[in-house]
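Student: Turn this into a structure:
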Amino acid sequence: MLAGANVVLVGLFSARDKEFGRKLDLLANSVEAHGGRVVSQHVQRRGVSDGGAAKMTEPFSRRTLLGPGKAREVAQACLAANADVAVFVNPLTDHQRAVLGDLFGCIVISGEDLPAPGR
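Tutor: Numbering: from 1, shown residues only. The predicted structure follows:
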(Lines give C-alpha, C1' and ligand atoms only; values in the text may rest on other atoms or scores of the structure.)
Protein backbone atom coordinates (compact mmCIF):
# COMPACT_ATOMS: atom_id res chain seq x y z
CA MET A 1 0.00 0.00 0.00
CA LEU A 2 2.80 2.44 0.82
CA ALA A 3 5.41 1.37 -1.72
CA GLY A 4 6.30 4.52 -3.68
CA ALA A 5 3.53 6.54 -1.99
CA ASN A 6 3.81 10.15 -0.86
CA VAL A 7 2.79 10.02 2.80
CA VAL A 8 1.66 12.74 5.21
CA LEU A 9 2.02 11.94 8.92
CA VAL A 10 -0.49 13.30 11.43
CA GLY A 11 -0.71 13.01 15.20
CA LEU A 12 -2.92 14.29 18.00
CA PHE A 13 -0.97 14.54 21.26
CA SER A 14 -1.65 15.71 24.78
CA ALA A 15 0.34 18.70 26.00
CA ARG A 16 1.74 16.36 28.64
CA ASP A 17 3.16 14.02 26.00
CA LYS A 18 6.83 14.95 25.75
CA GLU A 19 7.52 11.96 23.46
CA PHE A 20 5.44 13.16 20.50
CA GLY A 21 8.51 13.81 18.34
CA ARG A 22 9.85 10.33 18.98
CA LYS A 23 6.44 8.81 18.17
CA LEU A 24 6.34 10.65 14.85
CA ASP A 25 9.90 9.52 14.10
CA LEU A 26 8.96 5.89 14.79
CA LEU A 27 5.96 6.19 12.49
CA ALA A 28 8.12 7.80 9.79
CA ASN A 29 10.58 4.92 10.08
CA SER A 30 7.74 2.41 9.72
CA VAL A 31 6.35 4.22 6.67
CA GLU A 32 9.79 4.28 5.06
CA ALA A 33 10.32 0.58 5.87
CA HIS A 34 7.12 -0.07 3.88
CA GLY A 35 8.45 1.93 0.90
CA GLY A 36 6.59 5.18 1.57
CA ARG A 37 8.08 8.66 1.28
CA VAL A 38 7.19 11.04 4.13
CA VAL A 39 6.45 14.44 2.56
CA SER A 40 5.17 16.30 5.64
CA GLN A 41 4.35 15.92 9.32
CA HIS A 42 1.58 17.62 11.28
CA VAL A 43 1.03 17.77 15.03
CA GLN A 44 -2.15 18.78 16.83
CA ARG A 45 -1.48 19.46 20.52
CA ARG A 46 -4.30 19.04 23.03
CA GLY A 47 -4.49 20.94 26.31
CA VAL A 48 -1.87 23.54 25.40
CA SER A 49 -4.38 26.37 25.58
CA ASP A 50 -8.05 27.16 26.16
CA GLY A 51 -9.59 24.43 28.30
CA GLY A 52 -6.34 22.92 29.50
CA ALA A 53 -6.16 19.65 31.35
CA ALA A 54 -9.91 19.08 31.50
CA LYS A 55 -10.05 18.43 27.75
CA MET A 56 -6.71 16.71 27.19
CA THR A 57 -8.16 13.23 26.71
CA GLU A 58 -11.06 14.32 24.50
CA PRO A 59 -10.62 14.53 20.73
CA PHE A 60 -11.23 17.89 19.08
CA SER A 61 -13.81 16.34 16.82
CA ARG A 62 -15.26 12.86 16.81
CA ARG A 63 -15.44 13.13 13.04
CA THR A 64 -11.86 14.20 12.32
CA LEU A 65 -9.91 13.88 15.59
CA LEU A 66 -8.48 17.31 14.73
CA GLY A 67 -9.51 20.91 15.18
CA PRO A 68 -10.96 22.56 12.06
CA GLY A 69 -7.86 24.68 11.40
CA LYS A 70 -5.49 21.73 11.67
CA ALA A 71 -7.75 19.60 9.47
CA ARG A 72 -7.65 22.34 6.78
CA GLU A 73 -3.87 22.63 7.14
CA VAL A 74 -3.39 18.89 6.62
CA ALA A 75 -5.84 18.86 3.69
CA GLN A 76 -3.87 21.67 2.00
CA ALA A 77 -0.59 19.84 2.66
CA CYS A 78 -1.99 16.64 1.14
CA LEU A 79 -3.05 18.54 -1.96
CA ALA A 80 0.23 20.44 -2.28
CA ALA A 81 2.34 17.29 -1.86
CA ASN A 82 0.11 15.14 -4.05
CA ALA A 83 -0.18 12.78 -1.09
CA ASP A 84 -1.35 9.24 -1.69
CA VAL A 85 -1.82 8.34 1.97
CA ALA A 86 -2.17 10.14 5.31
CA VAL A 87 -1.05 8.05 8.28
CA PHE A 88 -2.19 8.96 11.79
CA VAL A 89 -0.22 8.08 14.89
CA ASN A 90 -3.59 7.71 16.64
CA PRO A 91 -6.11 4.90 16.18
CA LEU A 92 -9.01 5.86 13.90
CA THR A 93 -12.56 4.63 13.51
CA ASP A 94 -13.85 3.62 10.07
CA HIS A 95 -16.03 6.74 10.09
CA GLN A 96 -13.02 8.99 10.83
CA ARG A 97 -11.08 7.34 7.99
CA ALA A 98 -13.93 8.02 5.57
CA VAL A 99 -14.46 11.64 6.65
CA LEU A 100 -10.73 12.41 6.65
CA GLY A 101 -10.23 10.64 3.32
CA ASP A 102 -12.89 12.87 1.74
CA LEU A 103 -11.36 15.96 3.34
CA PHE A 104 -7.73 15.12 2.51
CA GLY A 105 -8.35 13.63 -0.93
CA CYS A 106 -6.28 10.53 -0.19
CA ILE A 107 -6.36 7.25 1.70
CA VAL A 108 -6.27 7.71 5.48
CA ILE A 109 -4.99 5.00 7.80
CA SER A 110 -3.60 4.63 11.29
CA GLY A 111 -0.07 3.50 12.02
CA GLU A 112 -1.71 0.52 13.70
CA ASP A 113 -2.83 -0.61 10.22
CA LEU A 114 0.76 -1.09 9.05
CA PRO A 115 1.99 -4.65 9.32
CA ALA A 116 5.22 -5.20 11.20
CA PRO A 117 8.19 -4.90 8.80
CA GLY A 118 8.98 -8.19 7.14
CA ARG A 119 5.36 -9.39 7.18
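Student: Could I get the full set of strands for the protein?
Tutor: For the chain, the strands defined by DSSP state E cover 6-14, 37-46, 85-88, 107-110.
Student: Name the residues of the longest one that are buried.
Tutor: Of the residues in strand 37-46, 38-42, 44-46 count as buried by neighbour count, 16 or more other Cβ atoms under 10 Å. The way it works is simple: take the backbone N, C-alpha and C, and place the C-beta from them, glycine included.
Student: Tell me which strands that strand pairs with, and in which orientation.
Tutor: Applying DSSP bridges, strand 37-46 is found paired with strand 6-14 (parallel).
Student: what does the partner strand contact?
Tutor: The contact list for strand 6-14 (Cβ atoms under 8 Å, 6 or more residues apart in numbering) reads 20, 23-24, 27-28, 31, 36-47, 56-57, 59-60, 65-66, 74, 77-78, 81-90, 104, 106.
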